[in-house]
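> Turn this into a model:
(2 chains)
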Amino acid sequence: MSKELSLILTLLSPVIGGLIYGFERIVRARMQNRQGPPLLQPFYDFLKLMDKRSIMIHSFHAFMGIMYLVGTWFSLYVLLSGGDILIAIFFHVLSLAFLVVGGFSVRSPYSVVGAMRELIHMLAYEPIFVLTAAGLYLVTGTFQVSELLKTDTVPILSLPLVFIAFILSLPAVLKKSPFDIAEAHQEIIGGPEIEYSGKFYEAVYTAKWIEYIYAFFFVFLFAGSNYLLGAILVVLSFFIVNLIDNSTARVTFRQMVSFHWYILIPLVVINLMLLALWRA
Amino acid sequence: MNLKKYRTKSPWILHYNTGSCNGCDVEILACLAPKYDIERFGILNRGNPKQSDILLVTGPVTKRARERLIRLYMEMPEPKVVVAVGVCACTGGVFRGMYNVENGVDKFIPVDVYVPGCAARPENIIDGVVRALEILEKKKKDLQLTRKCTGTEELEYLLGKQLNRRKIVAEGTRRCYESRRD
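Purely as a prediction, here's the structure:
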């Protein structure tokens, strides 16, 4: 991908992410036998939040909300400009850490509990991201996204178990049920972002759209240079994630961590070990 | 860009029960459920005062609930509207005049739309919310204090000085009580 195209895509990513989110709300509504909001609903929300008075708790808290947006955006830019996958993952972790610090910096108990749960989320799914990057390295011999998008091999053929584990960890990344414990809307209304309002909530809201693109770009990487297969995988994983979201209830954080650490990580490790044995 | 138009396109709801029998709450949830589906108008039940536009209140205001009601109202950023759902929230209903209730929401916070009924029908609630949206579009972004508070200039001065929010809420609550003693 050329430098200009990646820069334009990164600047447009809130628009693309908003459209994905609007489409997802329609899909979710249709799965529940409802009509659902219009496609541009996320942008209406965005413009309305711009119009609201924003109540600041303190300036550091508001600053952390904006840094969450900036960090997520930068990690997406690293991916789109053909940079290192590991650097993108670490910047994503850093942006979530900003959200966690912001959540801990106010005295609201919901915010603090949400921030703790956000840390448990990171504990659960970040190893799978790093192991996925390691698997892609084993197959293609590079961590660079620009090289990955040019390889002759199709990584998903060598990494089927890694792909399954990655799809099953996507609900935790996108904070959907059964792993939506960080922003449990019925319980700790929004978690770390509960105290944000007005323009600062807008930053957090937009960062979530960008996380959609970030997560699904990893799915796209599993197809290597075969872009059509990549698009099919992205659409398929999008529907699977929404189906899981609609058909399950929330689990406890212990169940989430044990599912990730005792089922998904062993799946990934078995695949990587078989790959190494087959290579040797 | 006219942002006022977008206020009506994505109103988020905060639902608070000030001691009702749960009948009106079930009807509000029926509005959100697949049959009536008010999410197609962009209406979401957020449950978070900092991010909501419409406050739906059900039930006669019990003396335990009034502080929370005032506090939730003050935590919502402008512009905001209040909808009293059910006859209890409008006037106190069958509980009117009892020693432990305060006869309606408008004793404490300004109510924009009254939705009658025991329990209020989902169609009436949707109609009330649509009426509230018309009012929401006209409202200004400026700060509005509760109607029953006396000496609002002083309170506005305190808010302007960015004092401790807990103190401001406590001060507003105390003044509301004082104004009720007449």
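
> So for stretch A:93-100, mean pLDDT?
Stretch A:93-100 shows an average pLDDT of 92 in the prediction.

> Run through who's touching that stretch.
The contact list for stretch A:93-100 (CB atoms under 8 Å, 6 or more residues apart in numbering or on different chains) reads A:64-65, A:67-72, A:74-75, A:115, A:118-119, A:121-122, A:126, A:192-193, A:204, A:207. All C-beta atoms are positioned from the backbone trio N, CA, C, and that covers glycine.

> at 10 Å instead, please
Applying CB atoms under 10 Å, 6 or more residues apart in numbering or on different chains, the external contacts of stretch A:93-100 come out as A:63-76, A:114-119, A:121-122, A:126, A:129-130, A:182, A:191-193, A:196, A:204, A:207, A:210-211, A:214.

> if you look at those residues, which of them are in helices?
In this view, the contacts of stretch A:93-100 that belong to helices under DSSP state H are A:63-76, A:114-119, A:121-122, A:126, A:129-130, A:204, A:207, A:210-211, A:214.

> Can you flag the buried ones in these?
A:63-69, A:71-76, A:114-119, A:121-122, A:126, A:129-130, A:204, A:207, A:210-211, A:214 (16 or more other CB atoms under 10 Å in any protein chain shown).

> For residue B:59, list the residues it contacts.
Contacts of residue B:59 by CB under 10 Å, 6+ apart are B:16-25, B:65, B:69, B:84-86, B:88-89, B:92-93, B:95, B:101, B:104-105.

> again, but for residue B:55
B:13-16, B:49, B:69, B:72-73, B:76, B:80-84, B:105, B:109, B:111-112, B:132 are the contacts of residue B:55 under CB under 10 Å, 6+ apart.

> same thing with residue B:89?
B:16-18, B:20, B:24, B:56-61, B:82-83, B:104-106, B:111, B:114-116, B:120.

> Secondary structure element for it, which one?
helix B:87-91 (DSSP states H and E).

> mean confidence score for that helix?
On average, helix B:87-91 scores 88.

> got it, and stretch B:4-17?
85.

> count of residues packed around the closest residue to residue A:62 other than its chain neighbours?
Distances taken as CB to CB, 6 or more residues apart in numbering or on different chains place residue A:200 nearest to residue A:62, at 4.6 Å, with adjacent residues excluded. Residue A:200: 26 surrounding residues under other CB atoms under 10 Å in any protein chain shown.

> can you pull the contacts of residue A:139?
Under the criterion of CB under 10 Å, 6+ apart, the neighbours of residue A:139 are A:148, A:151, A:153-159, A:162, A:222, A:224, A:272, A:275, A:279.

> Over to residue A:166?
A:125, A:128-129, A:131-132, A:135, A:159, A:173, A:215, A:218-219, A:221-222, A:237, A:264, A:267-268.

> do residue A:219 as well
A:132, A:156, A:163, A:166-167, A:170, A:230-231, A:233-238, A:241.

> Then it would be within a strand, right?
No. Counting by DSSP: H, G, I helix; E, B strand; the rest coil, residue A:219 is not found in a strand; it is helix.

> That one and residue A:23: what is the separation?
Taking CB to CB, to the nearest Å as the measure, residue A:219 falls 16 Å from residue A:23.

> before we move on, the earlier item: any of the contacts of residue B:59 buried? List them.
In the contacts of residue B:59, burial by neighbour count holds for B:16-21, B:24-25, B:65, B:69, B:84-86, B:88-89, B:92-93, B:95, B:101, B:104-105, counting by 16+ other CB under 10 Å.

> Quick one: mark the members of the residues you listed that sit in helices.
Using DSSP H, those in helices are B:24, B:25, B:69, B:88, B:89.

> the strands in chain B, which residues?
B:12-17, B:44-45, B:54-58, B:81-85, B:113-115 (DSSP state E).
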